[in-house]
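Engineer: Any chance you can model this:
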Amino acid sequence: MLTPAAIADGRGAFVLDEIEVDSPQAGEVLVEMRAAGICHTDHASLSWKRPLVMGHEGAGVVREVGEGVSHVAPGDAVLLNWAIPCGDCFQCRRQAEVLCEHSKPAHVMEPSLGHAHRDGTRWRGQPVDRSFNLGTLSGLALVRAAAVTPLGAGIPFASAAIVGCGVMTGFGSAVNVAKIQPGDSVVVIGCGGVGLNVIQGARLAGAGKIIAVDRRESSLATARRFGATDTVVAAAEDRELAAVSEQVRKLTAGRGADFAFEATSVPHLAFTPLRMIRDGGMALQVSGINDPVTVSMPWFMWNKTYVTPLYGGCVPGRDFPRIFNHYRRGELQLDELVTREYPLAKLSEAIDDMMEGRNAKGVIVF
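Structural biologist: Model (predicted):
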């Protein structure tokens, strides 16, 4: 089957072209995409050394299922999940499915890793990988059955699509990894899609103080609507957020916050959460920075913990229903996160808007 898609060339650019997608074999599902979120990782994927079908956030409708697939059927609305567990390795058996040893989508920068499970997708007659084994920026996505979660009624595809990465990463990092408790104090550096969902997760966990940090006043206004109790403007000249750290301490009885999250994707800010937490607190870098960075070791003093969570510790069967239940009860905002929708033909504009901070989340609709 031929379908339109965005294909990264591995050298910093992409093309819109047709790809050929096979019918599903045993254990596979063919999904007709209805919406795909745009994430900073999609921009990074343009330079991942080889062609690949872009996109790793998505929702759609099942077109076909392969032998042995019973949890979804043609016509079902589904959400796609890029941390696809095998169910049998060391990590899966210890219920750390997001760290599955046989499915390594987080290593897609290396050509030898993160490949699709078979050559079911071709571009210009040659097999082509799908980003994070999904490739949601295409009309059809051929995926493993474990990548598919039933969506249920009443959730718009554009709102559902962003749960597959940005919402899950932020919400899960707050709830599953940090395990924020009622009354805890939290700092969130960067109020884009991931940061706003850290804020939502912290609010739902009962945090007493949620301090949002950003350079844009408009982003801080949005953060308040999502649950921030306090906001701090980061000045451009405050490169290592020293002045911000002082303001955070004033807001937290002079000792620093219990938790601080970096959600900017800016390399030199990767370790700045350490400056904003109390002794024994936890700093979390949740934006997926891969660049080499340096840090002043005294920032780790005393007994501070620094964590780089993967996908918010996602367990799809546990977390996606929980997120959608919060949404249905009006406790978690998804529709409000989607700043703008675009057709696939305007993917360049969508990426530019994301990189310039114009959107909380942009979504391609098919």
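Engineer: rest of the way, CA atoms for contacts and neighbours
Structural biologist: OK.
Engineer: So, low pLDDT: which residues of the stretch 101-250 of the chain?
Structural biologist: By pLDDT under 70, the weakly predicted segments of the stretch 101-250 of the chain are 104-118.
Engineer: which stretches of it form strands?
Structural biologist: Counting by DSSP state E, counting those that start in this stretch, one finds strands in the stretch 101-250 of the chain at the ranges 121-123, 126-127, 129-130, 140-144, 148-150, 185-189, 209-214, 230-233.
Engineer: Now find how far off-centre the fourth one is within its chain.
Structural biologist: In terms of CA atoms, centre = their mean, to the nearest Å, the centre of strand 140-144 is set 19 Å apart from its chain centre.
Engineer: who does that strand pair up with?
Structural biologist: Paired strands of strand 140-144, with direction, are strand 28-37 (antiparallel) (DSSP bridges).
Engineer: Show me how far the strand it pairs with is from its chain's centre.
Structural biologist: Using CA atoms, centre = their mean, the offset of strand 28-37 from its chain centre is 17 Å.
Engineer: which residues touch it?
Structural biologist: 23-24, 55-67, 69, 136-145, 148, 157-158, 161-162, 361-366 (CA atoms under 8 Å, 6 or more residues apart in numbering).
Engineer: right, and the helix or strand after it?
Structural biologist: Of the helices and strands lying after strand 28-37 in sequence (DSSP states H and E), the nearest is helix 40-44.
Engineer: follow-up on the earlier one: any chance of the strands of the stretch 101-250 of the chain in CSV, plus distance to residue 311 and mean neighbour count?
Structural biologist: Below are the strands of the stretch 101-250 of the chain laid out as CSV (distance: least, CA to CA, whole Å; neighbours: other CA atoms under 10 Å):
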stretch, distance to residue 311, mean neighbour count
strand 121-123, 25, 21
strand 126-127, 28, 14
strand 129-130, 18, 28
strand 140-144, 18, 28
strand 148-150, 16, 22
strand 185-189, 17, 28
strand 209-214, 21, 26
strand 230-233, 26, 18
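Engineer: Distance to residue 222 for the ones you listed - can I get that in a markdown table?
Structural biologist: Below are the strands of the stretch 101-250 of the chain laid out as a markdown table (distance: least, CA to CA, whole Å):
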| stretch | distance to residue 222 |
| --- | --- |
| strand 121-123 | 40 |
| strand 126-127 | 43 |
| strand 129-130 | 33 |
| strand 140-144 | 33 |
| strand 148-150 | 30 |
| strand 185-189 | 13 |
| strand 209-214 | 10 |
| strand 230-233 | 10 |
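Engineer: closest one to residue 262 among those?
Structural biologist: For residue 262, the closest of these is strand 185-189, at 4.9 Å, according to CA to CA.
Engineer: Need the residues that contact the closest one.
Structural biologist: So strand 185-189 is contacted by 195, 198-199, 202, 207-214, 248, 252, 257-264, 273, 276 (CA under 8 Å, 6+ apart).
Engineer: Just checking: what are the partner strands of that strand?
Structural biologist: Short version: by DSSP bridges, strand 185-189 pairs with strand 209-214 (parallel), strand 257-262 (parallel).
Engineer: give me every residue that touches residue 293.
Structural biologist: 267, 268, 270 are the contacts of residue 293 under CA under 8 Å, 6+ apart.
Engineer: now with 7 Å?
Structural biologist: Applying CA atoms under 7 Å, 6 or more residues apart in numbering to residue 293 gives the contacts 267, 268.
Engineer: Provide the secondary structure category for it.
Structural biologist: coil (DSSP: H, G, I helix; E, B strand; the rest coil).
Engineer: So residue 145 sits against residue 27, correct?
Structural biologist: Yes - if you go by CA atoms under 7 Å, residue 145 and residue 27 touch, sitting 5.5 Å apart.
Engineer: list residues touching both of those two?
Structural biologist: Between them, residue 145 and residue 27 share these contacting residues under CA under 7 Å, 6+ apart: residue 69.
Engineer: Which one's more surrounded, these two?
Structural biologist: Neighbours of residue 145 and residue 27, each counted by other CA atoms under 10 Å, are more numerous for residue 145; the result is 22 against 15.
Engineer: what residues does stretch 344-359 touch?
Structural biologist: Contacts of stretch 344-359 (CA under 7 Å, 6+ apart): 339, 342, 362, 364, 365.
Engineer: Could you do stretch 230-242 as well?
Structural biologist: 210, 211, 212, 213, 214, 215, 217, 220, 244, 269, 272.
Engineer: Next, give me the two most distant ones among those.
Structural biologist: That would be 217 and 272, which, of these, are the farthest apart (CA to CA) at 20.2 Å.
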